[in-house]
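In: Pasting the sequence and the predicted model now:
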Amino acid sequence: MSTSVADLREQVPESRAEFERRLDALIVDNRFTISVFFPLNGIVLLLASAEGWLPEPLAFNGLLILTGVAVMRAPLIAGVLPVADRKAALGVGLLTLYAYGIEYVGVHTGEPYGRFEYVVDLGPTLAGVPVGLPVFFLPLVVNAYLLVSLLLGERAERALVRLAAVIGLVLIMDVVLDPGAVALTFWRYFEPGAPVFGGLLSSQGGFYGVPVSNYQGWVLSATVSVVVLDRAFDREALLERVRDCQFMLDDMVSFVILWGGVNVWFGNWVPALVAGLIGVGLWRADQFDTNLVAAEFG
């Protein structure tokens, strides 16, 4: 018994730095599983659920969805952790409160994203808002913030340029995410407008069942997020980390695979094409490791 306790104690990191090193090593050793296998598995499970091929309780199981998303977010969390001090933690806390607050307002009033309702179980909810919402919301803007900084280089040092570029990339990512989520019936909008051009657009300017108001809402949320991230994090330390950390944007690779695949299945060709373009952006920023698949099967 004493030997088992001693062995267990040896497994517990003695410091935050040791914990971060172990977490980095865990991500590196499992990059293919996290960034490729999990999103591919997610495509199969989500499509099987949507098509009625998966029995209860596996179909659209909220715990499975939340667990899968958390695993795919792990590279970003591990990447940010070493540069997250108390000020950064406070900033993340404020953004978490903002995410819950804006979603609560959205669910109950329709502002600013447009009137919608959750259809699929996305895990436990509080006042109609999924408890796991920050895991869905925050990485979207943090990933955009980091990729913009890498792609624009010194031009991203100008706050207005950085803000405009991050807003643009968040909107581009939501052009991929929201049509796929609506097709899966994760949520539905009440007033998307009558479909035209085969559902590509709507009579009110919507896009694949997603109203324009949703994208207007994301302009607000992306703006708030960039302002908070700029003030909460040591920007130089954050950029140095993302340049040195080979896996920090793997979450975006998962995003491209998962939502690109879902949109292809439902024939949402524009969102699927945009997902591919985001993949090109990751590759140009040297954040899409094409050797990962070759190393796994080579």
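Out: Perfect, I can see it now. Numbering: from 1, shown residues only.
In: Please make it C-alpha for all contacts and neighbour counts, starting now.
Out: Fine.
In: Please name every helix or strand in contact with the host helix or strand of Leu95.
Out: Assessed by DSSP states H and E, Leu95 sits inside helix 86-109. For helix 86-109, the helices and strands in contact under the criterion 3 or more CA pairs under 8 Å, 6 or more residues apart in numbering; DSSP states H and E are strand 116-118, strand 129-130, helix 133-152, helix 212-232.
In: Of the ones you listed, which is nearest Leu8?
Out: helix 133-152 (29.8 Å; CA to CA).
In: Mind telling me what element Glu240 is part of?
Out: Per DSSP H and E: helix 235-244 holds Glu240.
In: Show me what secondary structure element comes after that helix.
Out: helix 250-265.
In: Tell me which residues are up against whatever helix or strand comes next after that next one.
Out: Later in the chain than helix 250-265, the nearest helix or strand by DSSP H and E is helix 269-284. Contacts of helix 269-284 with the rest of the structure, by CA atoms under 8 Å, 6 or more residues apart in numbering, involve 147, 151, 172-173, 175-177, 179-180, 252-253, 256-257, 259-261, 263-264, 288-289.
In: Are any of those buried, and if so which?
Out: 147, 172-173, 175-177, 179-180, 252-253, 256-257, 259-261, 263, 288-289 (16 or more other CA atoms under 10 Å).
In: How about the contacts made by Ser254?
Out: With contacts defined as CA under 8 Å, 6+ apart, Ser254 is in contact with 34-36, 38-39, 72.
In: Also Phe190?
Out: 114-117.
In: In contact with Tyr215, which residues?
Out: The neighbourhood of Tyr215, defined by CA under 8 Å, 6+ apart, consists of 113, 171, 174.
In: ok, it to Val142 distance?
Out: Shown here: Tyr215 relative to Val142, a distance of 18 Å by CA to CA, to the nearest Å.
In: How about Val182?
Out: 23 Å.
In: Between those two, point out the one with more neighbours.
Out: Higher neighbour count among Val182 and Val142: Val142, with 20 against 17, using other CA atoms under 10 Å.
In: per-residue confidence at that one?
Out: We note a pLDDT of 94 for Val142 in this prediction.
In: can you check Leu238 too?
Out: Reading off the model, Leu238 has pLDDT 94.
In: Burial check on it, number of neighbours?
Out: Residue crowding around Leu238 was assessed by other CA under 10 Å; the count is 17.
In: For it, which residues are in contact?
Out: By CA under 8 Å, 6+ apart, the residues touching Leu238 are 80, 83.
In: Show the low-confidence segments of the stretch 151-298 of the chain, by residue range.
Out: 192-205, 287-298 (pLDDT under 70).
In: hang on, Pro139 packs against Pro75?
Out: No: under the criterion of CA atoms under 8 Å, Pro139 makes no contact with Pro75, lying 10.6 Å away.
In: With that, I have no additional questions.
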